[in-house]
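J.: Sequence plus predicted model, see below.
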Amino acid sequence: MPLLDQVRSDYFDFLRFPTVSADPARLPSLRDCAAWLAEKFGAMGMEAEIAATPGAPVVLAKWSQPGGGQRRRVLIYGHYDVQPAEREDGWTGDPFEPRLKGGMVVARGSTDNKGQIFAHMLGVAEAIKEGGAATDVVFVVEGEEEVGSDNLEAVLKARKKDLRCDVAVISDTNMAGPDQPTLTYGLRGIAALEVDLTGPSHDLHSGVYGGAVVNPIKVLTQLLAGLHDDHSRVTVPGFYKKVRKPAAWERKAAKDLGVSDGEVRRQAGSPALGGEPGYTAIERIGMRPTAEINGITGGYQGPGPKTVLPSKASAKLTFRLVPHQDPAEIAGLVEKYLQKKCPKTVKMKITRHHGGLPYFCDPKKDFGPAAVRALRQAWDGKKVHYLLEGGTIPIVSVIRKVLGVETLLVGLSLPDCRAHGPDETFPIAYLERGARMNRALLHEISKS
């Protein structure tokens, strides 16, 4: 399928919607984008509708071969919401005005996830135009993935009969590298918390009260520093109790990816790497759980000095989890640990945010071999790699629970695409490549 000017124009229009689900003020943009998607699905020849939720709407679209018959049915999931993006975050241009630079589309959502789901849409649209896809297809495209997909499970349950399928397909994961087709067979889960400390009732003069009143920033930094020992292991009691030990073939597959510690360091732009001893960087990312401090706030942040002893300090934390850790259980262990360590000189409030279960699926069973064949075809016979992904897609475990099917994770994202960061990119050629992969995948699933 040659990449037509209209295809590129539609993709750029998709990227122009500032669909930041974390910002309540962006809800109108989310709704406008959902309407745009429903219209595009309709133009493809699919039955499309918008399912309302208390937050951003979910777009549903389905296509079945006329005449019915016993055919495989594939659910393709994606999301149209994106991470926050502001010019001052380090973007070299407007995050929501896409531009093409050296074959890469630079825009928020270009990879995560608008480019990847749009490639699947192109593949199905092309197949319908030529007489029909190899399987029946249903799309589920939501607008709240970046904030935990809190409302999607209710939609899946309410529409369970309509969403019946044999397998789900998601492209929202990394490839091992450029033109290295990759099947992701596991994802880390997540538990997100926010910790707020309050010391004095208001900001104080640091000269008048310093040394007598305890600074909540000091307490907070001590608590956060205590989350890890000198070997980068998480100190929360019970944290590692249920961690699954990777099999020998998994460690070999990680080695076969050919992603060196030096390459990870280059991608990150970091002066050096760190982490648990006994694991390579790529193994730490996919196979080991972590505790991360995502943000810390307290005291005066303006220009120049202001000699205050602040009243409040806060931090945002996330814990990336591996099978068989449970996010609710881990959140409880962390809360207990922090409350025990917190001195009486400050008051602590802990808020639980979204959580997501880790996911693991044997890539050599069920539809896994079909995915490998399709990836090999789409990338002209190149070797297919197996990857444990460090990120989290909460809906994968929900799909398994509600619809009773596994998910094939066939990402089109490059490791250095800067998803969630400034100047996010997606190779424009991967729209066509992704469409080709979609058609090959549906064909192989139809034969399985």
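T.: Looks like it came in fine.
J.: From here on, just use CA atoms for contacts and neighbour counts.
T.: Will do.
J.: Show me where the stretch 1-150 of the chain has its strands.
T.: Listed in chain order, the strands of the stretch 1-150 of the chain (DSSP state E, counting those that start in this stretch) span 47-51, 58-63, 73-79, 99-101, 104-106, 136-142.
J.: Please enumerate the strands of the stretch 151-300 of the chain.
T.: 167-170, 182-187, 189-198, 204-205, 290-298.
J.: one step back: nearest to Ala225, out of the strands of the stretch 1-150 of the chain?
T.: Nearest to Ala225, of all those, is strand 73-79, at 35.2 Å by C-alpha to C-alpha.
J.: Which neighbouring elements make contact with that closest one?
T.: helix 114-129, strand 136-142, strand 167-170 (3 or more C-alpha pairs under 8 Å, 6 or more residues apart in numbering; DSSP states H and E).
J.: now what about the shortest one, what contacts it?
T.: What that stands for is strand 167-170. The contact list for strand 167-170, computed with C-alpha atoms under 8 Å, 6 or more residues apart in numbering, reads 73-78, 367, 399, 405-411.
J.: and if we set it to 6 Å?
T.: Val74, Leu75, Ile76, Tyr77, Val405, Glu406, Thr407, Leu408, Leu409 (C-alpha atoms under 6 Å, 6 or more residues apart in numbering).
J.: neighbours of the second one, just the number please.
T.: Read that as Leu75. When neighbours are counted by other C-alpha atoms under 10 Å, Leu75 registers 22.
J.: if I look at it, how far off is Glu49?
T.: 15 Å (C-alpha to C-alpha, to the nearest Å).
J.: Same question for the last one.
T.: Plainly put, Leu409 is 25 Å away from Glu49 if you go by C-alpha to C-alpha.
J.: Likewise for the third one?
T.: The gap separating Ile76 from Glu49 is 15 Å, by C-alpha to C-alpha.
J.: And those two? Which one has more around it.
T.: Neighbour comparison, Ile76 and Glu49: the larger count goes to Ile76, with 24 against 18 (by other C-alpha under 10 Å).
J.: any chance of the helices and strands packed on strand 73-79 in JSON lines, with distance to Ile428, mean neighbour count and mean pLDDT too?
T.: Formatted as JSON lines, the helices and strands packed on strand 73-79 follow (distance: least, C-alpha to C-alpha, whole Å; neighbours: other C-alpha atoms under 10 Å; pLDDT from 0 to 100):
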{"stretch": "helix 114-129", "distance to Ile428": "9", "mean neighbour count": "22", "mean pLDDT": "97"}
{"stretch": "strand 136-142", "distance to Ile428": "21", "mean neighbour count": "23", "mean pLDDT": "98"}
{"stretch": "strand 167-170", "distance to Ile428": "19", "mean neighbour count": "22", "mean pLDDT": "98"}
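J.: buried stuff in stretch 422-435?
T.: 422-428, 430-435 (16 or more other C-alpha atoms under 10 Å).
J.: and what of stretch 288-297?
T.: Arg288, Pro289, Thr290, Ala291, Ile296.
J.: Pull the number of nearby residues for the nearest residue to the last one once chain neighbours are set aside.
T.: In this structure, Ile296 finds its nearest non-sequential neighbour in Ala315, 4.2 Å apart by C-alpha to C-alpha, 6 or more residues apart in numbering. A count of neighbours around Ala315, defined by other C-alpha under 10 Å, yields 20.
J.: show me the contacts for Ala315.
T.: Glu194, Val195, Gly295, Ile296.
J.: Go ahead and confirm the second one touches Ile350.
T.: In this case it means Val195. Yes: between Val195 and Ile350 there is a contact at 4.7 Å, judged by C-alpha atoms under 6 Å.
J.: circling back to that earlier point, will you turn the helices and strands packed on strand 73-79 into TSV that also has distance to Glu88?
T.: Shown next, in TSV, are the helices and strands packed on strand 73-79 (distance: least, C-alpha to C-alpha, whole Å):
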stretch	distance to Glu88
helix 114-129	23
strand 136-142	28
strand 167-170	32
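J.: so which of these gets nearest Glu263?
T.: Per C-alpha to C-alpha, nearest to Glu263 of those: helix 114-129, 23.9 Å.
J.: so that closest one versus strand 136-142, what angle?
T.: 150 degrees (axes from the mean of the first three to the mean of the last three C-alpha atoms, to 10 degrees).
J.: Pro394 - how many residues pack around it?
T.: 24.
J.: From what I see, it and Gly355 are in contact.
T.: No: at 7.5 Å, Pro394 does not count as touching Gly355 under the criterion of C-alpha under 6 Å.
J.: ok, now how distant is the residue of the chain positioned farthest from its centre from Thr345?
T.: Distance to the chain centre peaks in the chain at Val208, reaching 47.5 Å (criterion: C-alpha atoms, centre = their mean). Here Val208 is placed at a distance of 18 Å from Thr345 (C-alpha to C-alpha).
J.: how near is Gly69 to Ile350?
T.: Taking C-alpha to C-alpha, one finds Gly69 at 54 Å from Ile350.
J.: Domains of this protein: list them as residue ranges, please.
T.: 5-187+358-447, 189-250+285-356 (automatic domain parsing).
J.: how about TSV for those domains, with distance to Glu276 added?
T.: Listed next are the domains of the chain as TSV, based on distance: least, C-alpha to C-alpha, whole Å:
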stretch	distance to Glu276
domain 5-187+358-447	15
domain 189-250+285-356	5
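J.: circling back: select only the buried ones of the contacts of strand 167-170 in ChimeraX?
T.: Written as a ChimeraX command, the selection of buried residues from these, which uses 16+ other C-alpha under 10 Å, is:
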select :74,75,76,77,405,406,407,408,409
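J.: of all the contacts of strand 167-170, which comes closest to Leu122?
T.: Among the contacts of strand 167-170, and counting by C-alpha to C-alpha, the member closest to Leu122 is Ile76, at 12.5 Å.
J.: can you pull the contacts of that closest one?
T.: Phe139, Ala168, Val169.
J.: now do 8 Å
T.: His120, Val137, Val138, Phe139, Val140, Ala168, Val169, Ile170.
J.: export those residues to CSV and tack on distance to Lys242?
T.: Below are those laid out as CSV (distance: C-alpha to C-alpha, whole Å):
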residue, distance to Lys242
His120, 36
Val137, 37
Val138, 36
Phe139, 35
Val140, 32
Ala168, 27
Val169, 28
Ile170, 27
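J.: what's the closest of those to Ala378?
T.: Nearest member of the contacts of Ile76 to Ala378, counting by C-alpha to C-alpha, is His120, at 12.9 Å.
J.: The closest one touches Glu432, doesn't it?
T.: No: counting by C-alpha atoms under 8 Å, Glu432 is not a contact partner of His120; they are 9.5 Å apart.
J.: For Val58, which non-adjacent residue is closest in space?
T.: Glu142 (4.4 Å).
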